[in-house]
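**Q** Build me a structure from this.
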Amino acid sequence: MKYPLALILAAATASSSTASAQPLRVASWNLGWHVSTAELPAWIAQCSKPYAKSAADGVWRVAPEGAAGATVGWFIKESRSQLEGLDLSRMPPCGVYEGPDRSKLAVTPAAWAERNQRIAQILDKDVRADVIAFQEVSGTAAVREALGAAAERYNVCSFDGRFKVQRLAFAWRKELGAGDCRTEDAMTLPEVADKDQVRPGFVLTLKIADKRTSFMTVHLKSSCVSPLDGRGRLDQDRSNKDRGFTDPCPTLQQQVAPIEAAVEKLAATSDQFIVLGDFNRNLWHEANEVEGAKALRSDGSTDLAKPLPAGVKTQNLFKEVFDGEPANTRAALVPMECKLDPKLAALCDRSKTEALRREDMAPLGEASGLGCRNAIGLDHFVVADKLKAKVLGAQKVGIGAFGDSLPPPAGKSDPVLGASDHCPIVMSIDLR
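**A** Sure thing, here's the model as predicted:
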């Protein structure tokens, strides 16, 4: 039966109005070096080669089959190993997955397909989001495969083929309408050498309840988490050329200004904004101004609303970026609930003001806890001040045993690959 065009348009408008009238579920999830099935063969081929470490420069070079001292790429245990022919801007490192005893696992197509099914189940049954921001995905195809059968219900955008393989993406329900997607290129630090450049910001703008709402997902420079862990003081540089150690905090410090510029653009071009994703920084330590993360600059000034002068460093990324100048850039960090037993839930609360030891946090990473190794302190929601009262709740979504990677069962060749080392975060917000 054919229906009049006017009736079809009216039905579409009604569907969109109904969607925008309901609280929106917004999620973020770092999927941990997630690539598409089409990209697997090149990765598997590279990591399945035998390698021997060069005494001259420490690089693991491709070795003849059966060469003495050679190790297959998957099973090289050395941290931060450099393998000949493995370009980490195009494919994941070989040693991403390891079992409970820290033994390395080889990726297979069947194991990857099962991992995709696990991710899709978590997204469909537990996350149930209207808008999802992804980090560490290779592009649109990787996201659609992660969504599984639900992919047909979502629009997806990414920046396929641009920058490095740890890309960002959004998926949003089709009833929310078409969206505008763009990258914030300055956050990559394009002025530095290619190998040192980091990830851009990625923005999705939707018209919801007659308001332009912009979502910006980020995945900032890693390993500069907090001054309380002894390593993450944002305004210091612990680099040691003699030891070959380059401190990541100066790189994150360089990202502060372009992040602030991106937020000011969000505030100027939309009615309201949400910044979400993997900040690789414990923003609660900054919001609470723990020692070493005060609202303070290296020139002694404390008025972070004034422009950050060239060469001056800040201790506090959160308060520097969301400084209320212009006024509509002021924003709030959203508290998240850990729906666990009281003892484990208390760890989530303590992490806002303390540096918990890895052994203290270990229970959160177990299947009986949240199930992901990076359970707390990195992933956040930040909402424009005008949206603060409209947040109805937020939580970390446990992935349980789906976070575990396991060696192949006896007589089998396919391991079990964990869904991610991060857990999804979900926020319910009324955007009417």
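**Q** which residues touch Asp278?
**A** Taking CB atoms under 8 Å, 6 or more residues apart in numbering, we find Asp278 in contact with Ser28, Asn30, Gln135, Glu136, Val218, His219, Leu220, Leu378, Asp379, His422. Quick note: C-beta positions are derived from backbone N, CA and C, even for glycine.
**Q** Tell me how many other residues crowd the nearest residue to Asp126 once chain neighbours are set aside.
**A** Leaving aside its chain neighbours, Asp126 sits nearest to Val397 (5.2 Å; criterion: CB to CB, 6 or more residues apart in numbering). With neighbours defined by other CB atoms under 10 Å, the count for Val397 comes to 23.
**Q** for Ala367, same thing?
**A** Other residues near Ala367 number 13, with proximity taken as other CB under 10 Å.
**Q** same deal with the one 3 residues further on?
**A** Leu370: 29 surrounding residues under other CB under 10 Å.
**Q** And the pLDDT for it?
**A** Model confidence at Leu370, given as pLDDT, is 97.
**Q** which SS class is it?
**A** Using DSSP: H, G, I helix; E, B strand; the rest coil, the structure places Leu370 in coil.
**Q** need the contact list for it.
**A** Contacts for Leu370 (CB under 8 Å, 6+ apart) come out as Cys338, Leu340, Leu364, Lys396, Gly398, Ile399, Gly403, Cys423.
**Q** was I right about the residue nearest to Asp126 contacting Ile425?
**A** Yes. Proximity of Val397 to Ile425 meets the contact threshold set by CB atoms under 8 Å, at 6.9 Å.
**Q** Mutual contacts of these two, please.
**A** Joint contacts of Val397 and Ile425 (CB under 8 Å, 6+ apart) are Ala27.
**Q** Mind putting the contacts of Leu370 into CSV with neighbour count?
**A** Formatted as CSV, the contacts of Leu370 follow (neighbours: other CB atoms under 10 Å):
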residue, neighbour count
Cys338, 22
Leu340, 19
Leu364, 26
Lys396, 22
Gly398, 23
Ile399, 26
Gly403, 24
Cys423, 30
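**Q** All the helices of the stretch 201-350 of the chain, in order from the start?
**A** Per DSSP state H, counting those that start in this stretch, the stretch 201-350 of the chain carries helices over the ranges 249-269, 283-287, 317-321, 342-350.
**Q** where do the strands sit along the stretch 101-250 of the chain?
**A** With DSSP state E, counting those that start in this stretch applied, the stretch 101-250 of the chain shows strands at 131-137, 154-158, 167-173, 180-184, 201-208, 211-219, listed in chain order.
**Q** Serialize these to CSV and add fields for mean neighbour count and mean pLDDT.
**A** CSV is the format used below for the strands of the stretch 101-250 of the chain (neighbours: other CB atoms under 10 Å; pLDDT from 0 to 100):
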stretch, mean neighbour count, mean pLDDT
strand 131-137, 27, 98
strand 154-158, 20, 98
strand 167-173, 25, 98
strand 180-184, 17, 98
strand 201-208, 23, 97
strand 211-219, 23, 97
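**Q** and those as CSV, adding distance to Ala332?
**A** Compiled in CSV, those are given as follows (distance: least, CB to CB, whole Å):
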stretch, distance to Ala332
strand 131-137, 18
strand 154-158, 27
strand 167-173, 22
strand 180-184, 21
strand 201-208, 19
strand 211-219, 15
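**Q** I'd like to know how far Ala332 sits from Leu168.
**A** To Leu168, Ala332 is 23 Å away according to CB to CB, to the nearest Å.
**Q** tell me the strands in the stretch 251-400 of the chain, going along the chain?
**A** Under DSSP E, counting those that start in this stretch, the stretch 251-400 of the chain gives strands at 272-278, 331-333, 337-338, 379-384, 391-396.
**Q** ok, Glu366 - how many residues close by?
**A** 17.
**Q** For the residue nearest to Asp126, grab phi and psi.
**A** The phi/psi pair for Val397 (degrees, to the nearest 10) reads phi -100, psi 120.
**Q** so what's the closest residue to Lys211 other than its chain neighbours scoring on pLDDT?
**A** With CB to CB, 6+ apart as the criterion, Lys211 has its nearest non-adjacent residue at 4.1 Å, and that residue is Asp271. Confidence at Asp271, expressed as pLDDT, is 96.
**Q** same deal with the one 3 residues further on?
**A** Ile274 is assigned a pLDDT of 98 by the prediction.
**Q** pretty sure it is touching Ala384, no?
**A** Yes. Ile274 is within contact range of Ala384, at 7.3 Å (criterion: CB under 8 Å).
**Q** Looking at these two, which has the bigger crowd around it?
**A** Of the pair Ile274 and Ala384, Ile274 is the one with more neighbours under other CB under 10 Å, namely 28 against 24.
**Q** which residues sit in contact with the more buried one?
**A** Here Ile274 is in contact with Val26, Thr213, Ser214, Phe215, Met216, Phe381, Val382, Val383, Ala384, Leu387, Ile429 (CB under 8 Å, 6+ apart).
**Q** Closest to Ser36 out of those residues?
**A** Phe215 (23.0 Å; CB to CB).
**Q** Which strand runs longest in the protein?
**A** As assigned by DSSP state E, the longest strand anywhere in the chain is strand 24-34.
**Q** show me the contacts for Arg350.
**A** Counting by CB under 8 Å, 6+ apart, Arg350 touches Leu356.
**Q** residue ranges with poor pLDDT in the stretch 101-250 of the chain?
**A** For the stretch 101-250 of the chain, applying pLDDT under 70 flags the ranges 242-244.
**Q** let's go with 80 and repeat that
**A** 240-245 (pLDDT under 80).
**Q** Would you check that Asn282 makes contact with Gly377?
**A** Yes. If you go by CB under 8 Å, Asn282 and Gly377 touch, sitting 4.2 Å apart.
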